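**Q** Attaching a predicted model along with its sequence, questions to come.
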Amino acid sequence: MTVLPVRARRAPAALVAGGTLAAALVVLAVVAPLLPLPDPNAGDLTARLLPLGTPGHPLGTDGQGRDLLARLVVGTRPSLIAGIVPVLVSGALGTALGIAAGMGARALENLIMRSLDVLFAFPSVLLAIAIAASLGASLASLVVALSVILVPAVARVVYAETAGLRSLDFVQTARASGAPAAVIALRHVLPNVLPAVAVYCSALVGLSIVVGAGLSFLGLGVAPPQAEWGAMLNDLRQNLFSNPSLALAPAIAIFLASAVFNVLGEGLRAWFDVTSRWSQ
Amino acid sequence: MSAPEDTPLLEIEHLSVTFGAAHAVRDVSLRLDPGGTVVVLGESGSGKSVTARSVLRLPGRRASVRGRIRLAGCDLFALDEKAMRQVRGRDIGFVPQDPNSSLDPLRRIGTQVEEVLQVHGAVADRRARRARVAELLALVGIPNPARTARSYPHELSGGMRQRVVIAMAVACAPRLIIADEPTTALDVTVQAQVLDLFTTLQRELGTALLLVTHDVGVAAELAADVVVMYAGRIVERGPAAAVLTAPAHPYTAGLLGARPRPGLRRGELAAIPGGPPPATEVVDAACAFAPRCGRAEPACSATAPELRDVGPGRAAACLLPIAPLQEVGA
Amino acid sequence: MIRFLVRRLVLAVPTVVGVSFVVFLTAKLVPGDPVASLLGPLATPQARAELVAHLGLDRPWPVQFVTWLGNALRGDLGMAIHEPRAVAEIVASSFGDTALLALAGGLIALVGGVVLGVLGAMYPKRLPGRLTSGLSVVAMSAPQYSVALLLVIVFAVHLRVLPAGGMTDPIDGGGLADLLVHMVLPAVSVALIPLGVIARMFRSALTEVLGSPFVEAMRARGIGPVRIARHAAHNALPALFTITGLQLAYLIGGVVFVETIFSWPGIGLTLYNAISTRDLPLIQGGVLVVAVSFVLINILVDAAHALVDPRVRR
């Protein structure tokens, strides 16, 4: 197996900061139900729309009197699932398609790349809406819709990387020695495209969080009364004129979670130095 | 800018250019007579390009320049920016290194040549200007001027593009052409044609030429005065015929020895050991070439040699110059 | 130029067919038995068979697709479920409103992005330069719905200077002044993030052009700063069109959210309402129309690109 050297240096600050915060978010999502917080789904109609800083409800309550801090914390899990799982799915699928298109016969290459072009022709949010709406409102359909819209982008990156690798000596040598294409793809190409895939996918998590929360905002995510940041934002929007500040918490949560993963992606990019690897 | 007959066309006096801590050009003086030719020879980083661009007052960003440059007696550093713009293109034509990237890729060739004429008010009438563009393109040896004027840069070959760039440089009949490595980006066969073109243009227009190159062959071909630069300093100067056959400075000898020639047997191609020092590390009180010089003695690292006469019209900055008529590359 | 356009239009035909096919496929994603859900549990087998035949569901799916595509080409996108109107009619009536908003947002993003990008390239160390870098960092993570809500909070709730909705008929409504007042916040919400991205990318394109050898060569020919700026702007335009093409998808996606938040009666709001009532024919019709328009807009962007850059004309 040949793996081109990846120039590893001291981890850049962006990677350390992004990685730590991303890990903290994931931990929060996992342990959220165990934390000593009020029941996120228990409404109290006598305590509706309490403002920020109310004792016992630091982030206030929503229109049904549910504690917003509890909902925000519990909502971390579906929001992160919508951010991370589609990226994993589309990362795997996109890598497979990209390598197949890059290594396969001309006909296969055309079939894969032209099909992906069709998906690219959509404004991606609209394609996601069509898919998620057909599958019905649930976290699973959200994940499917987001996976579909991310696949073409990953596949194009992998395809370009594969095309670059194909002309390199060790791949040519393996070809000339009669190794089957599948073996070359698995043993020589896959390990060398993985760093680029990792960098690109980490940056997609931020996008996936934003679009996922957006679809939930439109009513396509988790089913009520479950808490999710985008759905919370849509709930609180109804009371924007009476209690505008309540809507800030989920909006900021979406922004920060997305920013954390974008910083992580930038850090990975700087660490792996992916762009400069082929330039020699 | 009229001047008596005996003033040189171009006079560079004690030019020094620094970029922060990097001392790119150190106390360079140089003169060029009307219609004459000077080739500045040196490795990349020797300061030859910065010297040439300083004449146009375009040495590069964050450069600080000292010294004086006079064109036909007129102090270029005393001009305001607007007057200097008139000098560029009208009195001095410039041919940059890479013709492939020195034309606007989105404009037609004719429009770009015409722009130079228009900016300098060389031909006022639009019709006449168009005709002049075709003339210029024909002058630099472009076979179908009318069609070329209508094409875009990407539709021409590298050699044709360099001819276009040269046409722009001579458009306003300047007294001086500055060419910065004009043949480096071209195929070998085209290189010779472009050099011929320079010689022809000089003969027809009476233009002086200051040409910067790293290629000893170019200097030999133009048979001009040669100025050899190393680490920002002039190390040797004199007529090409003399300097290139019997160099006085060990560096010049090294340049000639490092050049592949026909009839050279294996192992005879002598590379100069090491590389030129970074412009930040050259010290004033030593010969910059001493660490790489086979003839260096302790004194070479203790004093900076001045340019001294080593023959008729020749000077070298070396404490231990190679005696005239000694074997090349020894 | 006309040859270029015709070529691109011909090449777009398979794309449009593919886009239609994907939308057709999403209809097949609906879980469960569509016939059962339409007829209810008490339907007789005979009623079932009749409906299956009527909907064409007994035929192979390529035939179903061709039939569906043929209908769509004739402007027949089926009937909406929760409204007694044809999908095509509903989508057509809201199309103009969406186009208006997208156009206004696109103009703001383009003009603002170019101005900010030019200033950023000219003064990289001063306020415009910092603004372009700062705005684009935010743009990477800030969703348009958050931006829209924030603008509503600031301008409609706190300052009370602009309305947060109440636009019922942008095109034949209360005249131009009324339209502008109602359009400011939605259009800015749609535009703000693409504006930031365009500004940053146009700034770097312009910086690259200004540092390129041909600009240096023009200086050496004595060409003045105004002419050089003109050449540089021209050379940065191809990059601008590429960036704009990339941002269009984002802008159109944002329109859906912004229409929802501001109750702007366009396709986005139609989609939002259709989602809450699970009116799938309406969702598919809306998505199809927007996606096909998107393909056509991209052709126009490409044509503009070809117009300024002789290297891509072919």
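**A** On my side now, so go ahead. Numbering: from 1, shown residues only, chains lettered A, B, ... in the order given.
**Q** so is residue B:178 in a helix, a strand, or just coil?
**A** strand (DSSP: H, G, I helix; E, B strand; the rest coil).
**Q** That one bridge partners, please.
**A** With DSSP bridges applied, residue B:178 shows beta-bridge pairing to residue B:94, residue B:210.
**Q** Wait, it touches residue B:52, no?
**A** Yes - between residue B:178 and residue B:52 there is a contact under CB atoms under 8 Å: 5.2 Å. All C-beta atoms are positioned from the backbone trio N, CA, C, and that covers glycine.
**Q** More neighbours: those two, which one.
**A** Neighbours were tallied for residue B:178 and for residue B:52 using other CB atoms under 10 Å in any protein chain shown; the higher tally belongs to residue B:178 (26 against 21).
**Q** Mind jotting down where the strands sit in chain C?
**A** Taking DSSP state E to define them, one finds no strands in chain C.
**Q** Poorly predicted segments of the stretch 151-300 of chain C, please.
**A** When residues are selected by pLDDT under 70, those of the stretch 151-300 of chain C lie in C:166-174.
**Q** Can you tell me which residue of it sits closest to chain A?
**A** residue C:253 (3.1 Å; CB to the nearest CB).
**Q** same question, chain B
**A** residue B:101 (18.4 Å).
**Q** mind checking pLDDT for that residue?
**A** We have a pLDDT of 86 for residue B:101.
**Q** follow-up on the earlier one: joint contacts of residue B:178 and residue B:52?
**A** B:210, B:212 (CB atoms under 8 Å, 6 or more residues apart in numbering or on different chains).
**Q** Setting aside sequence neighbours, what's the nearest residue to the residue of chain B closest to chain A?
**A** Closest residue to residue B:101 apart from its sequence neighbours, by CB to CB, 6 or more residues apart in numbering or on different chains: residue C:213 at 4.2 Å.
**Q** For the one you found, the count of nearby residues, please.
**A** Residue C:213 has 15 neighbours, counted by other CB under 10 Å.
**Q** With the one 10 residues further on instead?
**A** Number of residues near residue C:223 (other CB under 10 Å) recorded here: 23.
**Q** which residues does it contact?
**A** Counted by CB under 8 Å, 6+ apart, residue C:223 has contacts B:85, B:89, B:115, B:116, B:119.
**Q** Show me what residue B:15 bridges to in the sheet.
**A** Note on residue B:15: beta-bridge partners residue B:28, judged by DSSP bridges.
**Q** For residue 86, grab the count of nearby residues.
**A** You didn't pick a chain, so chain A it is. 28.
**Q** wrong chain, I was asking about chain B
**A** With other CB under 10 Å as criterion, residue B:86 counts 15.
**Q** give me every residue that touches it.
**A** Residue B:86 makes contact with B:120, C:222, according to CB under 8 Å, 6+ apart.
**Q** mind listing the helices for chain A?
**A** Along chain A, counting by DSSP state H, helices occupy A:13-31, A:68-74, A:76-103, A:106-120, A:124-135, A:139-166, A:169-176, A:181-184, A:190-217, A:229-237, A:248-272.
**Q** Throw those into TSV and include distance to residue C:141 and mean pLDDT, thanks.
**A** Formatted as TSV, the helices of chain A follow (distance: least, CB to CB, whole Å; pLDDT from 0 to 100):
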stretch	distance to residue C:141	mean pLDDT
helix A:13-31	12	88
helix A:68-74	18	87
helix A:76-103	12	94
helix A:106-120	23	91
helix A:124-135	16	91
helix A:139-166	17	92
helix A:169-176	38	78
helix A:181-184	39	81
helix A:190-217	6	89
helix A:229-237	13	88
helix A:248-272	4	86
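**Q** So which of the ones you listed is nearest residue C:278?
**A** Nearest of the helices of chain A to residue C:278, taken as CB to CB: helix A:124-135 at 7.3 Å.
**Q** what's that closest one in contact with?
**A** Under CB under 8 Å, 6+ apart, the answer for helix A:124-135 is A:119, A:141-142, A:144-146, A:148-149, A:211, A:214-215, A:218, A:220, C:22-23, C:26-27, C:29-31, C:249, C:252-254, C:256, C:271, C:274-275, C:278, C:280, C:283-284, C:287, C:290-291.
**Q** Among those, the buried ones, what's the PyMOL command?
**A** Under the burial definition 16 or more other CB atoms under 10 Å in any protein chain shown, those of those that qualify are selected in PyMOL by:
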select buried, (chain A and resi 119+141+142+144+145+146+148+149+211+214+215+218+220) or (chain C and resi 22+23+26+27+29+249+252+253+254+256+271+274+275+278+280+283+284+287+290+291)
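**Q** Need the residue closest to the centroid of the chain.
**A** Since you didn't name a chain, this refers to chain A. The centroid of chain A falls nearest to residue A:205 when counting by CA atoms, centre = their mean (2.6 Å).
**Q** Can you look at chain C instead?
**A** Geometric centre of chain C, nearest residue: residue C:252, 2.3 Å, by CA atoms, centre = their mean.
**Q** What pLDDT is listed against the closest residue to that one other than its chain neighbours?
**A** Once flanking residues are discounted, residue C:252 sits nearest to residue A:123: 4.2 Å by CB to CB, 6+ apart. For residue A:123, the pLDDT comes out at 90.
**Q** Can you get me a residue count around the residue lying closest to the residue nearest to the centre of chain A once chain neighbours are set aside?
**A** In space, and not counting its chain neighbours, residue A:205 is closest to residue A:261: 4.0 Å by CB to CB, 6+ apart. When counting by other CB under 10 Å, one arrives at 29 neighbours for residue A:261.
**Q** ok, residue C:284 touching residue C:20?
**A** No - if you go by CB under 8 Å, residue C:284 and residue C:20 don't touch, sitting 10.0 Å apart.
**Q** What distance do you get for the closest residue to residue A:88 other than its chain neighbours to chain B?
**A** Take residue A:88 and drop its neighbours on the chain: the residue closest to it by CB to CB, 6+ apart is residue A:201, 7.8 Å away. Distance, residue A:201 to chain B, by CB to the nearest CB, to the nearest Å: 36 Å.
**Q** again with residue A:131
**A** Using CB to the nearest CB, one obtains 42 Å as the distance from residue A:131 to chain B.
**Q** okay, now that residue: neighbour count?
**A** Neighbour tally, residue A:131, other CB under 10 Å: 25.
**Q** go on, the one 5 residues further on?
**A** In terms of burial, residue A:136 registers 16 neighbours under the definition other CB under 10 Å.
**Q** quick one, what contacts it?
**A** C:30, C:31, C:278.
**Q** Can you get me a residue count around the closest residue to the last one other than its chain neighbours?
**A** Leaving aside its sequence neighbours, residue C:278 sits nearest to residue A:133 (CB to CB, 6+ apart; 7.3 Å). Around residue A:133 sit 28 other residues, with neighbours defined as other CB under 10 Å.
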